[in-house]
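K.L.:
What follows is a predicted structure for the sequence shown.
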Amino acid sequence: MESVASTLHRQLIRFGAEAFRARLIVSTCGNASLRLGSAMLVTGSGSQLGKLRSADLSLVDLAEGTRLEGPVPSSESLLHRLIYLVRTEVGAILHCQSEAATCLACHPDPPEDLNFIPEVPVYVGRHAWVPYLEPGSPELAEAVKDQLQDPEIGVVQLRNHGQVVVGRDPAEALRRALFFERACGMALRGGLRTLTAPQVSSLQKRYGAGKA
């Protein structure tokens, strides 16, 4: 019988491959993780999510941040760890740089309302913003954690950097990232009509908000 750790290794490798195929990441940008009890399995520093092997994955203690096994973890491992500590329902995290969403992250005046299609309020939920802070810095990790303390936030846009997307599992995180990317692509076209507040409310009452 396959161990839980082996299963998580396989799932994280697939998580990275699917994010790469969906063009949410390129080359060595981005990082991903899965919760494993009181620890997390996170991609190693410099690894390519589209070409992950078990040797590229690091096991890190959530409480102390110590590396338990594997290579040096991603420079954003503190960001992942703090999210797991404040959002106990989160089981998967993807830090990516999808094209349209990252264009909006660099936009001087991005639109706040991205509810163009029903999938956005239902599968994505609300998103938040943090200002540009140096990648891998404790300041960035703390800023993202602060935004994600709100359980309704599923995506955090990092100014001039990328996105952090959370989910209960890899499938939910990927779906959220993909529909967020689609909404951002629509926003870049400009002049499009969004759903009304009553329409959004009706959808969320019927299907849930950001977790259907």
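P.N.:
The structure has been received and is ready for your questions.

K.L.:
What is the longest helix along the chain packed up against?
P.N.:
Looking across the chain with DSSP state H, the single longest helix is helix 170-189. With contacts defined as 3 or more Cβ pairs under 8 Å, 6 or more residues apart in numbering; DSSP states H and E, helix 170-189 has these neighbours: helix 4-21, strand 92-96, helix 99-105, strand 153-158, strand 162-167. C-betas here are computed from N, CA, C, even on glycine.

K.L.:
By mean pLDDT, show me the worst of the ones you listed.
P.N.:
Note on those: helix 4-21 shows the lowest mean pLDDT, a mean of 94.

K.L.:
picking that back up, what about the longest helix of the chain, average pLDDT?
P.N.:
Helix 170-189 comes out at a mean pLDDT of 98.

K.L.:
ok, back up a step: out of the helices and strands packed on helix 170-189, the one nearest Arg182 is which?
P.N.:
Among the helices and strands packed on helix 170-189, the nearest to Arg182 by Cβ to Cβ is helix 99-105 (7.8 Å).

K.L.:
Name the next helix or strand following that closest one along the chain.
P.N.:
helix 119 (DSSP states H and E).

K.L.:
so after that next one, what's the next helix or strand?
P.N.:
Heading C-terminal from helix 119 (DSSP H and E), you reach strand 126-130.

K.L.:
Which positions within that following strand qualify as buried?
P.N.:
Neighbour-count burial for strand 126-130, counted by 16 or more other Cβ atoms under 10 Å, picks out 126-128, 130.

K.L.:
Can you give the distance of stretch 31-41 from its chain's centre?
P.N.:
Its chain's C-alpha centre and that of stretch 31-41 lie 13 Å apart, by Cα atoms, centre = their mean, to the nearest Å.

K.L.:
How about residues contacting it?
P.N.:
4-5, 8-9, 11-12, 15-16, 19, 42-43, 47, 49, 57-63, 68, 74, 76-77, 80-81, 84, 90-95, 170 (Cβ atoms under 8 Å, 6 or more residues apart in numbering).

K.L.:
same question for it, mean pLDDT?
P.N.:
Mean predicted confidence for stretch 31-41 is 97.

K.L.:
Now the terminal residues of it, how far apart.
P.N.:
One end of stretch 31-41 to the other measures 11 Å (Cα to Cα, to the nearest Å).

K.L.:
Nothing else from me, thank you.
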